[in-house]
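> Requesting a structural model of the entry that follows:
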Amino acid sequence: MLKLPGGSSWTLDVFTEAFVGKLKSFADKIFGLKSIAAYRSGLEISTHVTRKDVEEGLSEVIQAGKPVRISNKSFIDYIFTRSLEVALLFDLPMQIHTGFSDKDLDLRLSNPLHLRAVLEAKRFSKSRIVLLHASYPFSKEASYLASVYPQV
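Numbers count the residues shown, from 1 in each chain. I've put the predicted structure just below:
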């Protein structure tokens, strides 16, 4: 259990319930979800992060204070997969920033080919994934993914 300023407490379960609940509450008012995981930790998203690793990531975010900037890879992967589950539940597309962006991005990690674990995961086979910015300079890789994976 993590203490927040003001005395309230967060656990991973409390965070997840609040996060997923907020996404669900907006699901009928939006046209899709958008991920900037590529900007923070890259697109090699793990679909099986451990609870311990996610809890450590949540702890890092809480201890860092404001402004909030999530950079823990396990926590980002967890947020991404939970978000994709909600998108799938409401048949919303998940827009994913890929390729070229601002200077804090490691371009090597924004290649959409890194999404293979997500695309191969059976639980996400019916998702709808939109690769933003034509994945430049990885447009050929994005075209390949769109030709091989029906959810892209």
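> Out of the helices and strands in the chain, which is least certain?
strand 2-3 (a mean of 51; mean pLDDT, DSSP states H and E).
> after that strand, next one along is what?
strand 9-10 (DSSP states H and E).
> Show the subsequent helix or strand relative to that next one.
Per DSSP H and E, the first helix or strand lying C-terminal to strand 9-10 is helix 12-26.
> send the alpha carbons of that next one over as CSV?
Provided in CSV are the C-alpha atoms of helix 12-26 (Å, rounded to 0.1, in the frame of the first residue of the first chain):
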residue,chain,number,x,y,z
LEU,A,12,-2.4,-1.5,-7.7
ASP,A,13,-6.0,-2.8,-7.5
VAL,A,14,-7.3,0.6,-6.4
PHE,A,15,-5.3,2.3,-9.2
THR,A,16,-6.5,-0.2,-11.8
GLU,A,17,-10.2,0.1,-10.7
ALA,A,18,-10.0,3.9,-10.9
PHE,A,19,-8.1,3.9,-14.2
VAL,A,20,-10.2,1.4,-16.0
GLY,A,21,-13.4,2.9,-14.5
LYS,A,22,-12.5,6.3,-15.9
LEU,A,23,-11.7,4.9,-19.4
LYS,A,24,-15.1,3.0,-19.4
SER,A,25,-17.0,6.1,-18.3
PHE,A,26,-15.7,8.0,-21.4
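> Next secondary structure after that helix?
The helix or strand immediately downstream of helix 12-26 is strand 33-35, counting by DSSP H and E.
> Spell out the residue ranges of the helices in the chain.
In the chain, the segments counted as helices under DSSP state H are 12-26, 37-40, 51-64, 73-89, 116-120, 139-148.
> And stretch 93-109, end to end?
Taking Cα to Cα, to the nearest Å, the first and last residues of stretch 93-109 lie 22 Å apart.
> what about this structure, any weak spots by pLDDT?
Scanning the chain for pLDDT under 70 picks out the ranges 1-8.
> I'd say residue 130 and residue 98 touch.
No - applying Cβ atoms under 8 Å as the test, residue 130 and residue 98 come out as separate, 9.6 Å apart. Every C-beta, even on glycine, is put in place using the N, C-alpha and C of the backbone.
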